[in-house]
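Asks: sequence and predicted structure, then a few things I'm wondering about:
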Amino acid sequence: MDRLAVRWGVSPSRVILILAVFACTGFTVMFLKRPLVAWAAGNGEAPGWFTVAYYVLILPFYNLLLLVYGGLLGQFRFFWEFEKRFFRRLFGIR
């Protein structure tokens with residue numbers, strides 16, 4: 001906890017909230033996948049186009065959920081800065 005607090009520049013109590021936001025976001029994405037696959041596949045296996053579309057669309061949805069949960073738990077500013085750093089690295093912006 002202390003190492004994360006130093007790395008992120010926050011107090012140890014905020015680290016717990018930040019980790020809770022990551023956990024809530026991950027669980028939400030995990031629980032939404034099953035109904036989406038059932039909708040796209042019916043009774044069979046998910047078609048290839050769905051798998052590709054899911055992985056392309058899950059990134060922006062996951063990042064949006066991070067901001068929503070971060071706002072609900074009072075950590076919006078941290079996650080807003082986190083998102084800006086993430087997309088700068090993703091798109092190679094200095």
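Replies: Good, I have the coordinates.
Asks: give me the most central residue, the protein.
Replies: Tyr62 (3.5 Å; CA atoms, centre = their mean).
Asks: could you pick out the longest helix of this protein?
Replies: Under DSSP state H, the helix in the chain containing the largest number of residues is helix 12-41.
Asks: list the buried ones in that one?
Replies: 14-15, 17-18, 21, 24-25, 40 (16 or more other CB atoms under 10 Å). In short, each C-beta sits where N, CA and C put it, glycine included.
Asks: for the helix or strand where Leu64 lies, packing partners?
Replies: Using DSSP states H and E, Leu64 maps to helix 48-72. Under the contact criterion of 3 or more CB pairs under 8 Å, 6 or more residues apart in numbering; DSSP states H and E, helix 48-72 touches helix 12-41, helix 76-91.
Asks: is it possible to get a markdown table of the ones you listed that adds distance to Val52 and mean pLDDT?
Replies: As requested, those are arranged in a markdown table below (distance: least, CB to CB, whole Å; pLDDT from 0 to 100):
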| stretch | distance to Val52 | mean pLDDT |
| --- | --- | --- |
| helix 12-41 | 11 | 91 |
| helix 76-91 | 18 | 92 |
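Asks: with that, I have no additional questions.
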